[in-house]
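Visitor: Pasted the sequence and its predicted model underneath.
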Amino acid sequence: MRRFAVKWLCLGVSCSILALGACNGDSGTGTDDGGTTTTDCSTATTHIEQVVCASNAFLATLTEEQKASVVYAWTNQVAKTYWSNLPGVTRNGLKWGTLSAESKEAALKLAALVLTPEGYADMTGVFAADDYLDTQGGGTGGDGGFGGPPPGSDGGFGGPPPGRDGGMGGVVLDYSSDNYIIAFIGTPSTTGSWMLQIGGHHMAYNVTYLNGTGYPTPNHLGAEPKAPFTLNGETYAPVADEGDALVALYNSLSAEQLDAAYLPGTFSDVVLGPVEFGTGSYSKVVFPAQAGVLVSTLSESQQALVTAAIKKWVSDFAPAVSDPLVAAYTSPDAYAHTYVAWGGTKSAGVNVDVSGTYMRIDGPRVWIEVACQQGAVIRNQTHYHTIYRDKQTDYGNQLTP
Amino acid sequence: MKKGWAWTLGLAVLLAGESARAHLARNTAVLLDIGERSVEAEVQMPLDQLALALTQSFDAVPADVIRERAAELPAYVREHLKASTPNGRPFEVEVGTVGVQRVEDGDCLVAHVTLRAPPGASARAFTLTDTLVLHQVMNHRALVSVRRDFHTGLFGEDLEMVGAASAQTPSLLIDRMHGSLWTGFRAVFHLGLRHIAEGTDHLLFLLVLLLPAPLLARGGRWREPDQLGASLKRVLGVVTAFTVGHSLTLAAAAVGALRPPSQPVEVLIAVSILVSAVHAVRPLFPGREHLVAAGFGLVHGLAFATVLAGMGFDSGALAMSILGFNLGIEAMQAAVVLLVLPWLLLWSHASGFTVLRIGGAAVGGAAACGWVLERALGVSTPLGPWVEAASGHAWVGLVVLAAVALAMSRRSRRAALG
């Protein structure tokens, strides 16, 4: 009698498990179907919806193993500060060279949503520049022996984790777009907090989304060479327009204004590169005392050139992200506390073809700087290192202790 | 003069091996060894950035600049590196050797500087002001790390980053008051424990020396088991003699009285295992084990001393280092003896102990031969790695030893009763 009951019980449990399994299978295919249909992000209307949709579409192209190494915990403060303007530094996420064609396409789609066409062209141009360096013998380092190592070219601080425990010893200078990375800190969502990193040598897009609002800094762009170059039949000059905008601004300044805007000291690189690299803290990000010529004292046309220069960096990012920032950076209130300044060889003037020439715009929030360095591979030319920071909202202002 | 030689040598090194990575503008590294009354600082300035700071010219060749301005560099360091107590009393700055050295991926001007606290003040909390290079190069950074600080258990193995100096913030407060002699003592004690636990050769020496300890030697052979009391007394004598021996050399080497090259010491240690292994098979020095142990202790102490060398430059910290490290070694040794000896004593009264003694001696002897070949002749043998791998399963070995010893002893008791 008892055995009979046990038998029925077993049968019942088995049936329930089977039924549950079938249900799970159903709901599983349901989400999958949903996933594939929403990969077409046309139903997403707002910027954040589109970006999250494109992020998920990219993630869906990855293998489980790849997925595990591309998304970091939002609480990983240290990972947020993993960006650098040096080659050969270990960065977060997946390398471009390891992505399938499908994944690459999805990543580019995502980038195209986060950036404007101008910003997107900067990104692909920087990729191309590293591939171009590779064709110019960049992979071999090519120092030409002792006698003239270029002092302080292609430099940067930050780089390896502070101290000496990484990255720099035995760096292989293998310039290639394959070395660029994509990573997420936190899971992409329209309401939560997360960060998209696309970066590598000469590029760091760190876009933090907090409850749907995007913050695009810190942002590093560079390119060697700074002059237009041709690769595979296409001509690129990714950071040339940024440089040109600043040159136009400084060319408009009078001799007295240039004199007042001059900064003493030597600049072998940008001042606020990845100084917080791998620390997860703002503690090392100390902005210098403001110096130079106050923008509010400039003529209307000169101020327009300042605005145009600021837009060259900020408007690389989708209007939903950049519009409020441009407004904040260029308001009369902001310009009453924004300075333009330059440094380098004073007798040479603001000459971007001279190593050490340095330009910056320093406002209550906006911080843009450009350093001109002798090329690491293309030695007879200088190239740009640029930094754009927001003094209030770098990393979405998530690194305050 | 001495300094001149250092310069010639440094520049020779520089000219010989210039790297392709000279173009990475690197940080200055400031490494601090913290004492009670003074701080030793090693400042590593990347040559290209230093040359830029000195000439303000991007076209200058760093090595030429450094060569031409060699004479003024100590004064330059003195001018730009300062320390003061938290309430502003300046430290005395003494610049020692300054020379070019290759550091990781590039050439640096390396300056050794002593910062002495003013009378009555501690050197454990101070404001460091470093404007080297960054007085001129606005984007430069000096990463400041503590390398040695007995009070916080830093012995030069790892660096603890404590801050960065920049043109904006050239001063930083370095506060090491959180440490204590007790913390340092514990850390160095653990280092001693670890050193024995990880030093397979030292452990093996000890184990092989223990193998014949329960036995009585007579007529050039190991005979029947000795009385328990006599055995224990002998083991105690051996361990104490070994301890005395290595404590002596450890102390002598740590204070700098002895600076033996490490290779012959390592070879001698391997030889000591070999001799002990032979002794375990046939008594070589019966009744004089403690004298041999003391002699080998002297040798083993030299090996430990390399760990302590340069650990502390303060006499107080150094004394604590030697004491703590030695106690750690003793504690670990005592633990090994306590874990192994009872089973040896138990088994020695049963049958089959000869198998263990000869087998153990063979393993020890083989490993020792491997080490001798490796360390003396540079011949690589599979024995070393094999022993290292086996030592990872030491606990399994102990359990097996205990089980077999128990079984053997029970069997022979039963046989005696039967």
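Guide: All right, it came through fine. Numbering: from 1, shown residues only, chains lettered A, B, ... in the order given.

Visitor: separation between the one residue sitting closest to the centre of chain B and chain A?
Guide: The residue lying closest to the centre of chain B (Cα atoms, centre = their mean) is B:V307, at 1.6 Å. Distance from B:V307 to chain A, counting by Cβ to the nearest Cβ, to the nearest Å: 21 Å. Just so you know, the C-beta spots here come from the backbone N, C-alpha and C atoms, and that holds for glycine as well.

Visitor: what does B:A217 give?
Guide: In this view, B:A217 and chain A are 54 Å apart by Cβ to the nearest Cβ.

Visitor: that older thread, correct me, but the residue nearest to the centre of chain B touches B:H195?
Guide: Yes. Contact criterion Cβ atoms under 8 Å: B:V307 and B:H195 qualify, at 6.3 Å.

Visitor: The residue nearest to the centre of chain B and B:G199: what is the separation?
Guide: B:V307 sits at a distance of 10 Å from B:G199 (criterion: Cβ to Cβ, to the nearest Å).

Visitor: Touching both of B:V307 and B:H195, which residues are there?
Guide: B:F325 (Cβ atoms under 8 Å, 6 or more residues apart in numbering or on different chains).

Visitor: OK, contacts around the most centrally placed residue in chain A?
Guide: Closest residue to the average C-alpha location of chain A: A:Y205 at 1.5 Å, with Cα atoms, centre = their mean. Contacts for A:Y205 were tallied using Cβ under 8 Å, 6+ apart; they are A:A111, A:V114, A:L115, A:M123, A:L196, A:Q197, A:I198, A:G199, A:P216, A:N219.

Visitor: which non-adjacent residue is nearest the fourth one?
Guide: Of all residues not flanking A:M123 in the chain, A:A111 sits nearest, at 5.9 Å (Cβ to Cβ, 6 or more residues apart in numbering or on different chains).

Visitor: Show me which residues of the helix or strand containing the one you found are buried.
Guide: Per DSSP states H and E: A:A111 is located in helix A:101-114. Across helix A:101-114, burial judged by 16 or more other Cβ atoms under 10 Å in any protein chain shown covers A:S103, A:K104, A:A106, A:A107, A:L108, A:K109, A:L110, A:A111, A:A112, A:L113, A:V114.

Visitor: what about the one residue in the stretch 151-300 of chain B that gets nearest to chain A, which SS state?
Guide: Here the stretch 151-300 of chain B gets closest to chain A at one residue, B:Q168, 4.3 Å apart by Cβ to the nearest Cβ. With DSSP: H, G, I helix; E, B strand; the rest coil as the basis, B:Q168 sits in coil.

Visitor: hang on, it packs against A:P288?
Guide: Yes. The pair B:Q168 / A:P288 is scored as a contact, 5.0 Å apart, by Cβ under 8 Å.

Visitor: higher neighbour count, the two?
Guide: A:P288 (18 against 15; other Cβ atoms under 10 Å in any protein chain shown).

Visitor: Can you add pLDDT and give the buried residues of helix A:101-114 back as a markdown table?
Guide: Output for the buried residues of helix A:101-114, formatted as a markdown table (pLDDT from 0 to 100):
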| residue | pLDDT |
| --- | --- |
| A:S103 | 95 |
| A:K104 | 95 |
| A:A106 | 95 |
| A:A107 | 96 |
| A:L108 | 95 |
| A:K109 | 95 |
| A:L110 | 96 |
| A:A111 | 96 |
| A:A112 | 95 |
| A:L113 | 95 |
| A:V114 | 96 |
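
Visitor: Sketch out the helices for chain A, chain order is fine.
Guide: Using DSSP state H, the helices found in chain A span residues A:2-39, A:47-60, A:64-68, A:77-80, A:101-114, A:117-135, A:240-251, A:255-261, A:300-314, A:319-330, A:332-335.

Visitor: Chain B versus A:G396, what's the distance?
Guide: According to Cβ to the nearest Cβ, A:G396 and chain B sit 24 Å apart.

Visitor: thinking again about what came up before, and which of the contacts of A:Y205 is nearest to B:R410?
Guide: A:Q197 (66.8 Å; Cβ to Cβ).

Visitor: what sits against the closest one?
Guide: Contacts of A:Q197 (Cβ under 8 Å, 6+ apart): A:82-83, A:91-93, A:181-185, A:204-206.

Visitor: so what's it scoring on pLDDT?
Guide: Predicted confidence (pLDDT) for A:Q197: 97.

Visitor: Which residue is the nearest non-sequential neighbour of it?
Guide: Counting by Cβ to Cβ, 6+ apart, A:Q197 lies nearest to A:A183, which is 4.4 Å off, once chain neighbours are set aside.

Visitor: In this structure the one you found contacts A:K95, no?
Guide: No. With contact defined as Cβ under 8 Å, A:A183 does not count as touching A:K95 (10.2 Å).

Visitor: Tell me which of those two has more neighbours.
Guide: A:A183 (21 against 16).

Visitor: measure the more buried one to A:I198 for me?
Guide: A:A183 is 8 Å from A:I198, by Cβ to Cβ.

Visitor: cool, and B:R116?
Guide: 51 Å.

Visitor: Give me the more crowded residue out of these two.
Guide: Between B:R116 and A:I198, counted using other Cβ under 10 Å, A:I198 has the larger neighbour count: 23 against 16.

Visitor: these two touch, right, that one and A:P216?
Guide: No. If you go by Cβ under 8 Å, A:I198 and A:P216 don't touch, sitting 11.5 Å apart.

Visitor: check contacts around the nearest residue to B:L383 once chain neighbours are set aside.
Guide: Counting by Cβ to Cβ, 6+ apart, B:L383 lies nearest to B:G370, which is 2.7 Å off, once chain neighbours are set aside. Counting by Cβ under 8 Å, 6+ apart, B:G370 makes contact with B:T381, B:P382, B:L383, B:G384, B:W386, B:V387.

Visitor: One more: B:V65?
Guide: Contacts of B:V65 (Cβ under 8 Å, 6+ apart): B:L50, B:A51, B:L54, B:T55.

Visitor: Over to B:A350?
Guide: Per Cβ under 8 Å, 6+ apart, neighbours of B:A350: B:A405, B:M408, B:S409, B:R411, B:S412, B:R413.

Visitor: The last one falls within a helix, correct?
Guide: Translated: B:R413. Yes. Per three-state DSSP, B:R413 lies within a helix segment.
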